[in-house]
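Novice: Structure, please.
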Amino acid sequence: MKRRLLLLLVAAVFTAGLPLAAQGAELSTYFERAASAEYEGDQAQGPGGSASSIQFAAATKAPSGYTMSGEEQVTYLGRLADRVSLSIGGKNRVRLTFDRETGALLRSETLNADGSVYCTSKLTSFTAGTPNVASSAAATGRKVVKDFDFSTTVFPAKLGAFRRLDVYGWNDVGEMAYYSDGFFAFALYHVEARFSVESISDAREWEGKAGTYWRWFLPGTTTLVWDTNEGGMALHGDLPVDMQTMVLAGLPAPSNPNFLSRILELFGG
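Specialist: Next up, the predicted model:
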């Protein structure tokens, strides 16, 4: 399937060492052009080597909190392109490759703390011009309602560099909060009971600094599940391992309460 692919990014960022006005205008141009670029292409996403066609939401600004730390001319898919590096906390964490002619985003690489590649999303084919996408009926979905009565122990306002954006009721059994540092993002889930991972064949136990979690991967995303004294929790997002560790340090630790204590918790004992 061929689709128009656009990058989900928010807010503005400036490059160190250049006048702020010039930096903002230069970097903003990349994202404004990417959001309006017209093209068709197939996408592959990793790690894992899975191929897929994914529709990203349009945006016009670069991520807040990140600094443009490099810019170089490269060739990708036989086309001239600009590869832009973004850093935060003095470390390069993102490389974005933009087509010079159309402004389209051709490749996105997220990096581990040591500079190695954590995940790559890239076009494997590219044709400039208006995309030919089949129309479809408007989708219908259940209404999501914001939640204003939630535990700040479960959903802290900040987790390292990540800020809580909104909290919603989730499936009538729990809550879900969105967090972002401007580029990386994750959803955090909470239920009073426990999450079951029995049907997840790829789930493996993982020893974090605070205890034992269940963890599994899909191309570009990680899911962690653990039981706490606050209830069941799950985290789903695109965080490299060092960022996962930072976020988990600010959340309730894994625990295995016995059956009696679980019953007392559920019934207010």
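Novice: For the rest of this, base every contact and every neighbour count on C-alpha atoms.
Specialist: Fine.
Novice: residues touching His168, list them.
Specialist: One thing to correct before we go on: residue 168 is Tyr, not His. Val144, Val145, Lys146, Asp147, Glu175, Met176, Ala177 (C-alpha atoms under 8 Å, 6 or more residues apart in numbering).
Novice: can you give me the helices in the stretch 1-150 of the chain?
Specialist: 20-36 (DSSP state H, counting those that start in this stretch).
Novice: quick one: low-confidence ranges for it?
Specialist: For the stretch 1-150 of the chain, applying pLDDT under 70 flags the ranges 1-25, 43-62, 130-144.
Novice: quick one: which of the contacts of Tyr168 sit in strands?
Specialist: Taking DSSP state E as the definition of strands, the contacts of Tyr168 contribute Glu175, Met176, Ala177.
Novice: Out of these, which is nearest to Gln73?
Specialist: Of all the ones in strands among the contacts of Tyr168, the one sitting nearest Gln73 is Ala177; the distance, using C-alpha to C-alpha, is 38.8 Å.
Novice: For beta bridges, what are the partners of the closest one?
Specialist: Per DSSP bridges, the residues bridged to Ala177 are Val167, Leu188.
Novice: again, but for Phe98
Specialist: Assigned bridge partners for Phe98, using DSSP bridges, are Asp82, Leu105.
Novice: burial count for it?
Specialist: 26 (other C-alpha atoms under 10 Å).
Novice: Return the residues in contact with it.
Specialist: Contacts for Phe98 were tallied using C-alpha under 8 Å, 6+ apart; they are Tyr30, Ala34, Ala81, Asp82, Arg83, Val84, Ala104, Leu105, Leu106, Arg107.
Novice: how about 6 Å then?
Specialist: Applying C-alpha atoms under 6 Å, 6 or more residues apart in numbering, one finds that Phe98 lies in contact with Ala81, Asp82, Ala104, Leu105, Leu106.
Novice: likewise Asn92?
Specialist: Leu86.
Novice: go again using 8 Å as the cut-off
Specialist: Asn92 touches Ser69, Ser85, Leu86, Leu111, Ala113, Gly115, counting by C-alpha under 8 Å, 6+ apart.
Novice: wait, isn't Thr245 in contact with Gly208?
Specialist: Yes - with contact defined as C-alpha atoms under 8 Å, Thr245 reaches Gly208; the gap is 7.4 Å.
Novice: want to throw the contacts of Asn92 into TSV with distance to Asn92 and neighbour count?
Specialist: Below are the contacts of Asn92 laid out as TSV (distance: C-alpha to C-alpha, whole Å; neighbours: other C-alpha atoms under 10 Å):
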residue	distance to Asn92	neighbour count
Ser69	7	19
Ser85	7	20
Leu86	6	25
Leu111	7	20
Ala113	8	15
Gly115	7	12
